[in-house]
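[1] return a 3D structure for these sequence lines:
(one chain, ligands or ions: 2)
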Amino acid sequence: MAVGTSRKISAASARAHTRKPKQKASVAGFSGVYKKIALVSFIGFLAWAYQATRPPPSKTCGSPDGPPITASRIQLNDGRHLAYKEYGVPKDKAKYKIIFVHGFDCCRHDVSAITSNLSSDLVESQGIHIVSFDRPGYGESDPNPKQTVKSTAFDIEELADKLGLGSKFYIVGFSMGGQLVWTCLKYIPHRLAGAALLTPVVNYWWPGLPSNLTKEAYDQQPPQDQWAVRVSHYMPWLTYWWNTQKLFLGSSLIYHNPAVISNQDRELLPRIQSIRKEYQAQVRQQGDFVSLHRDLMIGFGTWEFDPTGLENPFLESEGSVHLWQGDDDKLVPVTPQRYIAQKLPWIQYHELAGAGHMFPFADGMADLIIKTLLAG
Ligand SMILES: *[C@@H]1O[C@H](CO)[C@@H](O)[C@H](O)[C@H]1NC(C)=O
Ligand SMILES: *[C@@H]1O[C@H](CO)[C@@H](O)[C@H](O)[C@H]1NC(C)=O
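    Ligands and ions are numbered 1, 2, ... in the order given. Next up, the predicted model:
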């Protein structure tokens, strides 16, 4: 080998080599090689990490390799489409119009949380019309790359206007959809006739929540969920990788961890599963990033406002705001919710003993929630 190599070295450089002390030259040579290997590996790692953290393109509905469009959709002013579904009496005959906002890993059909056990007598006699829509990136609604906490409130307002729901409508949001009800109370309060938040997800980084309270609630979550929300908050750019990698467990919500299922949830599960199996495949069909991951990044990100500091939107009692929460909810802890309800005395707080996260599906709950909301 040495002979073969030396043959290619010119006489001049050979002389230069022989002048250097041999020992030092070979050490420097070796460490240089290691440095190069380390540098190349590091660049390789960065390239891999960059690829791994970048979500694949979404499969937008109606695009050549995307899922088909089957739902009714409206087109928003920025060109995006929102898919929706209607329930109840026709809107031109309705006295009460309600917009339902679905939760994490759900779609417009998950309005079943409040319609599957809603009595038709109530719907007919009161004249109730319910609109449920796919939040951006879910089901058949186009993803919104510019989505923020605020933007979906304005999507909702535009949806109401394009469907001709009138100057005021009610809003009901479940879980992550409950977070959006806070946003509507902040940005479009003049359009609301009333609001119901069903176990709205709490963001541990809302500044108005006392840190000892959020720490206690946070520590009760399974470690995998602490990490999932931590990553979404502090390193949103890593959210895609975190929830798709196989080294650590991602969010319980994504992986259906039994540790977050309360006794009541367990009892309701067969009912919920039989309803959801019809449409579950549609939920994430445009990609996990534009639906689930973006939801986590926004829901647990830094908010433009703090719901715990909201003003009463109904100073003349022209509407009411209700918050429902189970005390055995293992996904959304009850203690921060109690604190928020106390801090905002204009909220009518309904705490349900023994209830878990899925209580709207329980017998009679939908009737109770809707009657209470419409009674003001
Ligand atoms: C609600 O569910 C219970 C139990 O399955 C059933 O007995 C009741 O008829 C349902 N009510 C409506 C309005 O669907
Ligand atoms: C947090 O601290 C406040 C004031 O120091 C105290 O009143 C409250 O009980 C504490 N809450 C928890 C959950 O430890």
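[2] residue 268 and residue 113, how far apart?
    10 Å (CB to CB, to the nearest Å). For every residue, glycine as well, the C-beta is placed using N, CA and C.
[3] what of residue 331?
    Distance, residue 331 to residue 113, by CB to CB: 14 Å.
[4] same question, residue 306
    27 Å.
[5] those two: who's more crowded?
    Just comparing residue 306 and residue 113: by other CB atoms under 10 Å the higher neighbour count belongs to residue 113, 28 against 15.
[6] what's around the closest residue to the more buried one other than its chain neighbours, how many residues?
    Nearest non-adjacent residue to residue 113, counting by CB to CB, 6 or more residues apart in numbering: residue 360, 4.3 Å away. Counted with other CB under 10 Å, residues neighbouring residue 360 total 27.
[7] who in this structure is up against ligand 2?
    210, 212, 213, 216 (CB under 6 Å from any ligand atom).
[8] so which of those are in strands?
    If you go by DSSP state E, those have nothing in strands.
[9] buried ones from these, can you make that a PyMOL selection?
    Of the residues of the chain next to ligand 2, the buried ones go into a single PyMOL selection, burial set by 16 or more other CB atoms under 10 Å:
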select buried, resi 213
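[10] which one of the residues of the chain next to ligand 2 is nearest residue 312?
    residue 210 (21.8 Å; CB to CB).
[11] quick one, phi/psi of the closest one?
    Dihedral pair for residue 210: phi -60, psi 140, per degrees, to the nearest 10.
[12] list the contacts for it?
    Going by CB atoms under 8 Å, 6 or more residues apart in numbering, residue 210 touches residue 339.
[13] so what's in contact with residue 268 and residue 113 at the same time?
    358, 361.
[14] roughly how far does the residue nearest to residue 113 sit from ligand 1?
    According to CB to the nearest ligand atom, to the nearest Å, residue 360 and ligand 1 sit 12 Å apart.
[15] who does residue 195 bridge with?
    residue 171, residue 321 (DSSP bridges).
[16] would you confirm that residue 131 contacts residue 85?
    Yes - contact between residue 131 and residue 85 holds when scored by CB atoms under 8 Å: they sit 7.4 Å apart.
[17] need the contact list for the residue of the stretch 151-300 of the chain found nearest ligand 1.
    Residue of the stretch 151-300 of the chain nearest ligand 1, by CB to the nearest ligand atom: residue 271 (7.1 Å). Listed by CB under 8 Å, 6+ apart, the contact set of residue 271 reads 116, 361.
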